Every structure is written in structure tokens, then in C-alpha cells.
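1. For reference, the sequence and a predicted model appear below.
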Amino acid sequence: MSLRRGGARRGDGDAGGNPPARKAVRSAKLASVPLAFAGRQVAGASKRALGRPADEVDREIQLRTAEHMAEVLGELKGCAAKLGQILGIYELGLPPDLAEPYRIALSRLQDAAPPMLPCTVHGVLAESLGPDWRAHFREFDDRRAAAATIGQVHRAIWHDGRPVAVKVMYPGARAAVDSDLRQLRGLAWLAPVFLPHADGPAVVDELAECLRAELDFEAEAQNQRRIAEAYADDPDFRVPRVVAQHGDVIVSEWLDGIPLSRVIATGAQQERDRVGMQVIRFFWSCAPRTGLLYGDPHPGNFRVLPDGRLGVVDFGACPAWPPAQFPLLVHDIADALINGGPAELDAVARRHGFIDGKRGLDSAGLAAKLMPFTEILRADTFRVDSAWLRGRTLDAVSPKLSNAYRQLDVPPYLMPFQRALVTLLGLIAQLGTTGPMRDEILRWSPEFREVMERHRVRTGQPTDLNAVRLRRASTPAKGFAAG
């Protein structure tokens with residue numbers, strides 16, 4: 001039996017609501033955002049001249065621009081929609097009154113993608129599962145249950161009676177992503193604007209590798225099987241098992257639960273804290289338990305299940321982790337910040353390829369920007385909220401030449417972890433999470449445990465941040481390892 005409910009509006013790409021794959025079309029859509037913004041600025045000047053309050057005009061411009069940006073990125077899908085998700089985290093670095101319209105618009109990005117028409121969905125299913133694809137299902141709902149950047153999910157009943165989620169890739173998604181990546185490579189020269197010493201093409205190549213991996217449904221299914229096995233019967237998490245995978249279709253067990261976006265919007269703080277700590281536990285435990293980085297801890301990829309467990313979906317961005325040099329890097333940076341001083345941080349930056357032997361580094365300035373992150377490891381309980389993350393984001397993106405971040409060349413191999421960590425921080429900040437984050441991180445990271453044990457032995461003091469602050473207030477500053 002097939003459930004063929006609900007039509008779908010046509011997308012701008014083709015009759016099936018597919019992403020526009022032609023370079024000229026995608027380029028025109030992306031270019032329309034700054035052009036429309038310029039037009040709104042001109043119109044706004046006229047409205048101000050006629051006496052409308054400037055604050056009211058500016059907010060209207062920002063709101064319309066935010067909505068337009070989310071609409072365009074959602075329709076393009078592919079890399080553009082993924083970029084929109086990442087930008088949704090960086091809006092936390094804007095002042096609250098300016099960030100609000102972008103937050104509202106970008107939060108709808110997942111649902112902004114026009115759904116595929118049923119005939120298009122059926123075509124993908126026939127190509128991947130065979131012309132008799134309906135024989136695999138007792139029921140299949142033509143209405144999409146969820147949207148993703150490169151596909152959409154339908155609810156169905158498998159032939160053995162199990163409720164399943166059927167993830168179907170958008171036709172043309174690969175061509176769309178290839179087009180986006182070509183454009184992105186053409187913009188690699190912009191990287192030095194933010195990081196003057198960065199190897200722009202190498203960073204873009206690493207990002208391209210991450211994005212292309214999400215187009216490989218066979219690899220995604222293998223990742224999901226591996227993680228589902230590792231977390232089987234876990235009291236805190238449920239990873240749905242893969243039922244079948246063929247071509248551009250993945251069939252998995254269905255998860256009933258509350259989306260994290262709803263918890264963020266309306267959840268009580270106690271529940272937000274509980275769920276935020278669950279997300280932290282899953283993120284930090286995944287690599288030790290599976291050998292894979294969970295690379296996309298986005299709110300749309302989690303569900304709060306009726307029994308309180310956290311359901312996790314979407315395993316396309318799960319590279320093998322960690323690279324050989326990563327554990328030593330984590331140890332050395334943390335040790336320099338917590339147990340060392342500016343000289344040690346300078347040496348670590350050079351040893352791990354963040355700076356070459358010819359350039360200078362404002363290591364004290366860099367330490368000042370990195371030290372707030374170490375508070376998570378120093379406090380018994382810690383709160384990550386939008387205000388805290390806004391401060392860290394503003395530190396990172398400041399265009400001032402004195403910004404120590406701009407002196408660094410971040411090794412490209414760190415791109416997957418950097419993207420995942422930024423997304424994680426954005427999620428727990430949206431939840432306003434308070435909890436024993438240090439204990440959770442130390443539970444899964446022997447590198448951090450070693451650093452914090454050395455701190456305890458060296459100082460003979462507790463690592464709690466309040467004790468550190470009191471001690472600092474009563475003693476002259478020497479370097480930055482006193483705490």
C-alpha cells in the first residue's frame with residue numbers, strides 16, 4: 001500500500017523541486033542577496049528622509065535580508081544550505097538586536113528547501129531500489145517528514161512491519177555540490193582576509209572532502225551501522241539501525257521524539273541542561289567508542305525520545321578520527337595554557353604548524369583569547385550560553401591587525417573537528433547549558449586528564465574556577481599559568 005498524500009510546490013531548479021544545478025542559475029541566486037540588500041539600503045535612505053525612525057528602517061532591512069538569505073540558501077540546498085547552517089551558528093557573534101532576524105530566518109533553513117514532487121521521489125526510489133520498490137514497503141508516505149541539505153526523509157512501514165525513515169537524495173545534488181565547490185575554490189583568495197597566513201586552497205580542499213563525503217550514502221550507512229553497534233543498548237542514546245541502503249536511498253529505523261529545536265524554543269531550563277549534557281557526552285564519546293568523529297552536531301540531528309534518551313541521526317559527516325597528530329596537539333595546547341606560559345604556547349604553535357619559523361606571534365594576546373575556553377576544564381560546573389559564545393566569536397572574527405588569531409595558519413586537517421566543535425558550541429549555547437562539562441570531557445579524553453592531573457599536582461589546588469580567580473586576585477600576575 002502506498003500513502004500518496006499531499007502535493008509539493010515546484011522548486012526553482014526543475015519540475016521536481018530539485019536543487020538548481022546549472023552554475024549560472026546558482027550564481028545568480030547567490031548574487032541576488034547582496035544586490036537586494038543594496039537596493040533595500042537605497043530605499044531605506046528614502047524612508048529615513050521621509051521621517052521614518054532610523055532604527056525601525058534598519059531592522060526592517062535586516063529582517064528582509066535575513067529572510068531572503070535563508071530562502072535562497074534553502075532553495076539551493078547542497079553546499080549553500082550547509083553554509084547557511086554554519087552561518088546560523090556565527091550569528092551568535094552579532095549584537096542581540098541585530099542577530100535576532102538572522103536567527104529566526106536561519107532556524108527555518110532546514111524547512112525552507114522546496115520538497116520534491118512525489119513523482120521525483122518515486123523516480124529515485126525506482127532507480128535505487130528497483131522498479132518494484134513498492135514491494136519493500138507496506139506503506140510509504142509521499143509527504144516529506146524532514147528536509148536535509150542534500151535530501152529529504154519520508155516515513156514508511158517496511159515489509160516486515162517496522163516503521164522506517166527513508167532518506168532520499170535530491171536528483172542533481174552531486175552536480176549542485178560540485179558547482180558550489182568550484183565557486184568556493186574561486187573565492188579561496190578571500191581566506192587571507194580573515195587569516196592572512198592561511199593556505200586558502202588547502203582549507204577549501206579539506207572542506208570539499210568533508211562535503212563530498214556526505215554525498216556517499218554507502219559510506220554514510222556504514223558509519224551509521226558502526227555507531228549504532230557501539231551504542232546498542234546504551235542508557236543515554238539511541239542510534240537507529242540501518243535497514244537497507246541502495247544507491248541514493250538509506251532506510252533506517254524510525255525515531256519518534258521531540259526535535260531539539262523545540263527544546264531550544266520552549267524547554268524548561270532543567271531539561272535544556274540535561275539534553276545539552278547528553279549532546280556533549282555523545283560528541284566527546286563518539287571517537288573513543290567508534291573511531292569516528294560525529295561531525296554535524298546540529299539541532300536537526302537530535303531527538304529527545306519518550307524514555308529520555310537522545311536519538312541521533314545523520315551520519316554523512318563522520319570521518320575516521322583522530323588523525324595521528326591530533327591527540328598530541330590537544331595535550332600540548334591545553335598544557336601550555338593551563339600549566340605553561342607564553343613561551344610554551346609559542347613553541348606549541350610552531351611545533352604543530354600554526355606558524356612558521358619566520359613570523360612572530362603575539363602569544364600573550366593569543367592566550368588571552370584562548371583562556372576563556374579553559375574555564376570549561378577548570379570549573380566544577382560551567383554554563384555555555386549565547387553571551388559567552390558571542391564573546392568568543394567576536395574574539396575570533398575581529399578584523400583588527402592586532403587580532404592574534406589572524407597571525408595563525410590553521411592546519412587543514414583540523415577542518416572537520418573545527419567545524420564540528422563550532423556547531424557543538426552553538427547548539428549547547430542555544431540551550432544555555434549548565435552542567436559538569438569538565439568531568440564529561442575528562443571522562444573521554446586522556447590528553448585533557450593528563451593536563452589537569454599535572455595542574456593538580458603542580459598547584460596543590462582544586463581546579464575549580466572560583467578558587468583560581470580568588471588566588472589570581474591576591475597574587476601578582478606572572479605569565480598566565482598561575483591558575
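-> Noted; the coordinates are in hand. Predicted model, so just to flag it, every value in this text is computed and none were measured.
2. What residue spans form the domains of the protein?
-> Domain assignment for the chain, taken from automatic domain parsing, gives 1-7+113-171+216-254, 23-76+78-111, 181-215, 258-483.
3. hey, least reliable of these by pLDDT?
-> Of all the domains of the chain, mean pLDDT reaches its minimum on domain 23-76+78-111 (a mean of 58).
4. residues contacting Phe315?
-> 220, 223-224, 227, 294 (Cβ atoms under 8 Å, 6 or more residues apart in numbering). No exception for glycine: its C-beta is placed from N, CA and C like everyone else's.
5. ok, these vs Ala165, which is closest?
-> Gln224 (11.1 Å; Cβ to Cβ).
6. Okay, the closest one and Pro299: tell me how far apart.
-> To Pro299, Gln224 is 19 Å away according to Cβ to Cβ, to the nearest Å.
7. Repeat that for Gln418.
-> 19 Å.
8. For those two, indicate the residue with more neighbours.
-> Legend: neighbour count by other Cβ atoms under 10 Å for Gln418 and Pro299, higher for Pro299 (21 against 15).
9. Show the contacting residues for that one.
-> Pro299 neighbours (Cβ under 8 Å, 6+ apart): 259-261, 264, 427, 430.
10. possible to save the residues you listed as a markdown table with distance to Val243, neighbour count and secondary structure?
-> Shown next, in a markdown table, are the contacts of Pro299 (distance: Cβ to Cβ, whole Å; neighbours: other Cβ atoms under 10 Å; DSSP: H, G, I helix; E, B strand; the rest coil):
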| residue | distance to Val243 | neighbour count | secondary structure |
| --- | --- | --- | --- |
| Pro259 | 22 | 17 | strand |
| Leu260 | 24 | 26 | helix |
| Ser261 | 26 | 17 | helix |
| Ile264 | 30 | 18 | helix |
| Leu427 | 28 | 24 | helix |
| Gln430 | 32 | 25 | helix |
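11. can you list these in CSV and add distance to Phe137?
-> Output for these, formatted as CSV (distance: Cβ to Cβ, whole Å):
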residue, distance to Phe137
Pro259, 24
Leu260, 28
Ser261, 28
Ile264, 33
Leu427, 33
Gln430, 36
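12. the strands in the chain, which residues?
-> Secondary structure of the chain (DSSP state E): strands located at 137-147, 151-158, 163-169, 237-238, 242-246, 249-253, 258-259, 302-304, 310-312, 382-384, 433-435.
13. Next, format those as a markdown table and append distance to Gly51.
-> Listed next are the strands of the chain as a markdown table, based on distance: least, Cβ to Cβ, whole Å:
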| stretch | distance to Gly51 |
| --- | --- |
| strand 137-147 | 43 |
| strand 151-158 | 47 |
| strand 163-169 | 52 |
| strand 237-238 | 57 |
| strand 242-246 | 62 |
| strand 249-253 | 57 |
| strand 258-259 | 44 |
| strand 302-304 | 48 |
| strand 310-312 | 53 |
| strand 382-384 | 43 |
| strand 433-435 | 45 |
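14. do you know which of these lies nearest Ala176?
-> Short answer: strand 163-169, nearest of the strands of the chain by Cβ to Cβ, at 10.8 Å.
15. Of the contacts of Pro299, which is the nearest to Phe237?
-> Leu260 (13.6 Å).
16. isn't that closest one right next to Pro297, touching?
-> No: judged on Cβ atoms under 8 Å, Leu260 makes no contact with Pro297 at a distance of 9.8 Å.
17. Quickly list what's touching both of these two.
-> In contact with both Leu260 and Pro297: 279, 427, using Cβ under 8 Å, 6+ apart.
18. sorry, back to before: relative to His455, which of the strands of the chain is closest?
-> Nearest to His455, of all the strands of the chain, is strand 382-384, at 16.1 Å by Cβ to Cβ.
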